[in-house]
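1. okay, sequence plus prediction incoming.
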Amino acid sequence: MMIDELLLGKLQKLAMIDLSQEEAAEVASNLNEILSFIDNLSSINTDDIALSTNAKTPLRDDVPKDSNVALNVLENAPKALDGFFIVPKII
């Protein structure tokens, strides 16, 4: 796949950007380079590579922490009642 002027024009419209002729040429060149890199990656034979399904994310212990955070925040509020901020009614 190659990025030509027509495709670049569609991409500019979708992205809602306006490029000068020089910028458009540079962007098209960069996009073509990216696409050739992706083609290069897809040509790599990965049939003999085994997937590692043993890798697991290490878990940490679920240790409760200070649960008075809400109360500490409400202490600094100008007005609070029953664990909630009291604010003026806005219509």
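-> Perfect, I can see it now.
2. worst-scoring helix or strand of this protein, pLDDT-wise?
-> helix 69-75 (a mean of 86; mean pLDDT, DSSP states H and E).
3. if we ignore the residues flanking it in sequence, what's nearest L31?
-> Using Cβ to Cβ, 6 or more residues apart in numbering and skipping the chain neighbours, the partner closest in space to L31 is I3 (4.5 Å). To be clear about C-beta, it is placed using only N, CA and C from the backbone, and glycine gets the same treatment.
4. just to revisit the earlier point, buried ones in the least confident helix or strand of the chain, by neighbour count?
-> L74 (16 or more other Cβ atoms under 10 Å).
5. sheet partners, orientation included, of the helix or strand following that helix?
-> Next along the chain after helix 69-75, taking DSSP states H and E as the criterion, comes strand 80-81. According to DSSP bridges, strand 80-81 forms sheet pairs with strand 84-85 (antiparallel).
6. could you pull up the mean pLDDT of the partner strand?
-> Strand 84-85 shows a mean pLDDT of 90.
7. return the distance of that strand from the chain's centre.
-> 33 Å (Cα atoms, centre = their mean, to the nearest Å).
8. stretch 30-42 now?
-> Counting by Cα atoms, centre = their mean, stretch 30-42 comes out at 21 Å from the chain centroid.
9. what are the contacting residues of that stretch?
-> 1-3, 8 (Cβ atoms under 8 Å, 6 or more residues apart in numbering).
10. now those residues in TSV, with secondary structure?
-> Formatted as TSV, the contacts of stretch 30-42 follow (DSSP: H, G, I helix; E, B strand; the rest coil):
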residue	secondary structure
M1	coil
M2	coil
I3	coil
L8	helix
